[in-house]
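In: Sequence plus the predicted model coming up.
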Amino acid sequence: MLHIDLLVPLTQLQSHLLCGGALIAVSIAFLAFITSEVTGNYSQVDRLWSILPPVFAWCFAAASHWNQRLVLMAVLATAWGARLTFNFWRRGGYSWPPWRGMEDYRWAVLRSSPALAGPWRWRLFNLGFVSLYQVLLLLLIALPSVAAAGEARPLNLLDAGAAALFIGFLLLETAADQQQYEFQTEKHRRRRAGEPLDGEYGRGFRSSGLFGLARHPNFAAEMAIWCTYYLFSVAATGEWLNWSAIGAVLLILLFQGSTQFTERISRGKYPEYEEYQRRVPRFIPRPWARRPVF
């Protein structure tokens, strides 16, 4: 019977996986911090965002002597990572040498904010949040693999349902990112060619397709993916609520803050964005209350 228990003692294997994962994460975080300070490019963790969770998942699967559930979870995490890595690459996120390339525009906005003015304030923020917290979060969202590495139940229907949901949300995120990529590519092509920007191209932001149902369908799918990943730990342990949920919870909280910050920037750039906010929900579509966007 499925129930709730947050205080289940860790097995020796789980303790080993947690310690090893934490050591790797902290080492990578400090390397990212040093690299960003030396180069002045603060998107070092952004380059690792789609790579580290699959790496953690495969390390956990190998340490479990290739437990079937952990292998399945690693395969799904790899599919997620491969898609996101490709999307980041085609937007100019990777270059050679690897510490160069695109920097997320939001870091520059944050650096100029009064709260972080001054090199030492920003340096501490870079160490604590940009580097250390984000890398540790990438470890935490992979924790369901550690929970599933204990005395686990065999593969069951909940695993099948979790895998189906994971793939479904991954396809949704893929479609949303593709629609955004096509929109931005065409908008910049028209600008370079001196062609008129009409409709949503004139407004400057995508408001059709999936973006006519929710302002951030890709973000919503991303959060749903890692909530679904957590279900594998439920299938393994029989606990609806266990300690490995912390990664999904913190990811959701991160997206609330980062989305609010992103939209504040968008309101400043695009005069019609505030009206878009009034008409279209942030994450979860409301088809029963849908109105024309513009």
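Out: Structure received. Numbering: from 1, shown residues only.
In: Mind picking out the helix or strand in this protein with the poorest mean pLDDT?
Out: The weakest-scoring helix or strand in the chain, judged by mean pLDDT, DSSP states H and E, is strand 3-4 (a mean of 49).
In: Heading C-terminal from that one, find the next helix or strand.
Out: Following strand 3-4 in sequence order, the next helix or strand is helix 12-39 (DSSP states H and E).
In: list the buried ones in the helix or strand following that following helix?
Out: Going down the chain from helix 12-39, the next helix or strand is helix 44-48, by DSSP H and E. By neighbour count with 16 or more other CB atoms under 10 Å, helix 44-48 contains the buried residues 44-48. The way it works is simple: take the backbone N, C-alpha and C, and place the C-beta from them, glycine included.
In: Same check on stretch 74-93?
Out: Quick answer for stretch 74-93 (16+ other CB under 10 Å): 74, 76-77, 80-81, 83-85, 87-88, 93.
In: the strands in the protein, which residues?
Out: With strands called from DSSP state E, the chain shows them at 3-4, 239-241.
In: can you redo the buried residues of stretch 74-93 as JSON lines with pLDDT and distance to residue 110?
Out: Output for the buried residues of stretch 74-93, formatted as JSON lines (pLDDT from 0 to 100; distance: CB to CB, whole Å):
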{"residue": "74", "pLDDT": "98", "distance to residue 110": "34"}
{"residue": "76", "pLDDT": "98", "distance to residue 110": "32"}
{"residue": "77", "pLDDT": "98", "distance to residue 110": "29"}
{"residue": "80", "pLDDT": "98", "distance to residue 110": "27"}
{"residue": "81", "pLDDT": "97", "distance to residue 110": "26"}
{"residue": "83", "pLDDT": "97", "distance to residue 110": "27"}
{"residue": "84", "pLDDT": "96", "distance to residue 110": "22"}
{"residue": "85", "pLDDT": "96", "distance to residue 110": "24"}
{"residue": "87", "pLDDT": "94", "distance to residue 110": "23"}
{"residue": "88", "pLDDT": "92", "distance to residue 110": "20"}
{"residue": "93", "pLDDT": "86", "distance to residue 110": "18"}
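In: and which of those is nearest to residue 182?
Out: The closest of the buried residues of stretch 74-93 to residue 182 turns out to be residue 87 (CB to CB; 12.1 Å).
In: ok, and the closest non-adjacent residue to the closest one?
Out: residue 177 (5.1 Å; CB to CB, 6 or more residues apart in numbering).
In: these two touch, right, the one you found and residue 218?
Out: Yes. At 5.3 Å, residue 177 counts as touching residue 218 under the criterion of CB atoms under 8 Å.
In: Need the residues that contact stretch 190-199.
Out: 187, 189, 201-202, 204 (CB atoms under 8 Å, 6 or more residues apart in numbering).
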